[in-house]
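Novice: I would like the atomic coordinates for the input below:
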Amino acid sequence: MDYTDILYEAGEGIATITINRPDRLNCFRGRTIEELLDGFRRAWADRTVGAVILTAAGEKAFCVGGDQKEMMEKGTYGTSANGLWEIDELHMVIRNIPKPVIAAVNGYAIGGGHVLHVICDMTIAADTAKFGQAGPRVGSFDAGWGSAYLARIVGEKRAREIWFLCRQYDAQTALDWGLVNEVAPAAELMEAARSMAKEVLALSPTALKFLKHAFNADSAHIFGQAKMAGDGLSAFVNSEEARESRGAFLEKRKADFSRFR
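Specialist: Next comes the predicted model:
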């Protein structure tokens, strides 16, 4: 597959998948999801790869979720070549690939980008990284992995705060909450991520595979909830309320939700 939205590199047992849309804060569209799926499946099939690093180009953003400009212009984030919007499939391939996945968060991890790092097995953050949700601010939500699984990581009260207030949190706060495993100076992020991956490579791949399956089994039921939530979001995104959310966000004004309560 010819990549336009990601970069893929494999060597020394590590596959590095880089979201490559820095001019759009590495937000994703249908093509991006399709390429990420291909990259993870490629790493899955490669017997020389024992760990995967998911990161992004540039210094400003890891990923800020779906491309809101494309949504405003076209009423959709776009689809893959097969005509499907495959975000659920991407979430599941990150969970199911039998190799540890490390998110190296180099900047803003907001919205759907925040969900991506949450689903990864471990997260290492640059000391300049920012974390948070924006769904209720831009006419979107993740009532599946992005909320139910997040609550398992940071607890119910913190998860509700993240979603109900749409604040942004620095890397140290994320570390204190257990949202990330490690914080590194921004200039040393990828070196630290590769060091973590090399620790993984020193361990039994079969043992790690079974352990990943065991961890996943406890939360696997969320998949059904995620599919229901995805269908609900599809029905909501082109509503008048959602359009008001996106319009206010793109126009940098305060949204007026009074008529929707």
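Novice: what packs against the helix or strand encompassing G230?
Specialist: According to DSSP states H and E, G230 maps onto helix 222-236. Judged by 3 or more CB pairs under 8 Å, 6 or more residues apart in numbering; DSSP states H and E, the packing partners of helix 222-236 are helix 87-96. For every residue, glycine as well, the C-beta is placed using N, CA and C.
Novice: any buried residues in stretch 59-76, and which?
Specialist: Within stretch 59-76, the residues scored as buried using 16 or more other CB atoms under 10 Å are A61, F62, C63, V64, G65, G66, D67, Q68, E70, M71, M72, T76.
Novice: make JSON lines out of those residues and add secondary structure.
Specialist: Output for the buried residues of stretch 59-76, formatted as JSON lines (DSSP: H, G, I helix; E, B strand; the rest coil):
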{"residue": "A61", "secondary structure": "strand"}
{"residue": "F62", "secondary structure": "strand"}
{"residue": "C63", "secondary structure": "strand"}
{"residue": "V64", "secondary structure": "coil"}
{"residue": "G65", "secondary structure": "coil"}
{"residue": "G66", "secondary structure": "strand"}
{"residue": "D67", "secondary structure": "coil"}
{"residue": "Q68", "secondary structure": "helix"}
{"residue": "E70", "secondary structure": "helix"}
{"residue": "M71", "secondary structure": "helix"}
{"residue": "M72", "secondary structure": "helix"}
{"residue": "T76", "secondary structure": "coil"}
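Novice: closest to G13 among those residues?
Specialist: F62 (23.2 Å; CB to CB).
Novice: any idea how far the closest one lies from P98?
Specialist: According to CB to CB, to the nearest Å, F62 stands 24 Å off from P98.
Novice: how long is stretch 232-248 end to end?
Specialist: Its first and final residues considered, stretch 232-248 spans 22 Å by CA to CA, to the nearest Å.
Novice: and that stretch, what's buried?
Specialist: So stretch 232-248, judged by 16+ other CB under 10 Å, has buried residues L233, V237, A242, E244, S245, R246, A248.
Novice: and the residue lying closest to the fourth one once chain neighbours are set aside, what helix or strand is that in?
Specialist: In other words, E244. Spatial nearest neighbour of E244, chain neighbours left out: A255 (5.6 Å); criterion: CB to CB, 6 or more residues apart in numbering. For A255, there is no host helix or strand (DSSP H and E).
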